[in-house]
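sequence below, structure please.
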Amino acid sequence: MTKERRIKSRGLPRVKTEPEFTQQLVDLARVTRVVKGGKRLSFRACMVIGNNKGEIGMGVAKGTDVAGAIHKAIYKANKNIIKVTIVNDTIPHWVRAKYGAALVLLRPARKGHGIVAGGAVRMVLSISGIKNVTGKILGSKSKINNVKATFKALQSLKVPKV
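Residues are numbered from 1 along each chain as shown. Now for the predicted structure:
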């Protein structure tokens, strides 16, 4: 995994990851909660981290400011790292996964094809190190649910028997 160095701070411990993990902001939304005195404003961030060698993680977190939400999301993403099966720069077989109303279909592609996918699925696939794959979003257009469906699909990949 990665070597971490903790820095003293208020609240969550600050974790400095090695520069091998790249970070990608998938979604940043301003959300409100209705309370007795009116509306309370906060920010929700969805971050994906990866090392372009088959390890990726995702985190969703809320904070009172943008920087706090992003920091929390990166912290959660570091805890949720998964290993992806990559064979010849692509995935070994077709895979379909559903999370909520989001349905994602991933298909292997020949060398030189590139990543053909939309939105959040493209971000996850590119940061994972898969170079040739075709992805299709079939259900919901929710970015967070599509990212979670993509993670579910990548987790369900099986290693081919040789």
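
what about stretch 134-141, average pLDDT?
What stretch 134-141 shows for mean pLDDT is 93.

buried residues in that stretch?
By neighbour count with 16 or more other CB atoms under 10 Å, stretch 134-141 contains the buried residues 134-135, 137, 139-140. Where you see a C-beta, it was placed from the backbone N, CA and C, and this is true even at glycine.

how about stretch 113-133?
115, 117, 120-133.

residue contacts, residue 93?
108, 157-158, 160 (CB atoms under 8 Å, 6 or more residues apart in numbering).

quick one on the thing from earlier: what's the closest of the buried residues of stretch 134-141 to residue 24?
Among the buried residues of stretch 134-141, residue 135 lies closest to residue 24 (CB to CB), at 15.6 Å.

for the closest one, which non-adjacent residue is closest in space?
residue 117 (3.1 Å; CB to CB, 6 or more residues apart in numbering).

I'd say that neighbour and residue 138 touch.
No. Using CB atoms under 8 Å, residue 117 and residue 138 do not qualify as a contacting pair, with a distance of 12.0 Å.

and the two most separated of the contacts of residue 93?
Across the contacts of residue 93 (CB to CB), the longest gap, 12.8 Å, separates 108 and 158.

low-confidence ranges in the protein?
Applying pLDDT under 70 to the chain picks out residues 1-19, 162.

now the helices for the protein?
Secondary structure of the chain (DSSP state H): helices at 66-79, 119-128, 143-155.

could those helices go into a markdown table alongside distance to residue 56?
Output for the helices of the chain, formatted as a markdown table (distance: least, CB to CB, whole Å):
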| stretch | distance to residue 56 |
| --- | --- |
| helix 66-79 | 9 |
| helix 119-128 | 5 |
| helix 143-155 | 7 |
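
burial measure for the residue lying closest to residue 104 once chain neighbours are set aside, as a count.
Closest residue to residue 104 apart from its sequence neighbours, by CB to CB, 6+ apart: residue 149 at 4.2 Å. Neighbour count for residue 149, taken as other CB atoms under 10 Å: 29.

fine by me, thanks again.
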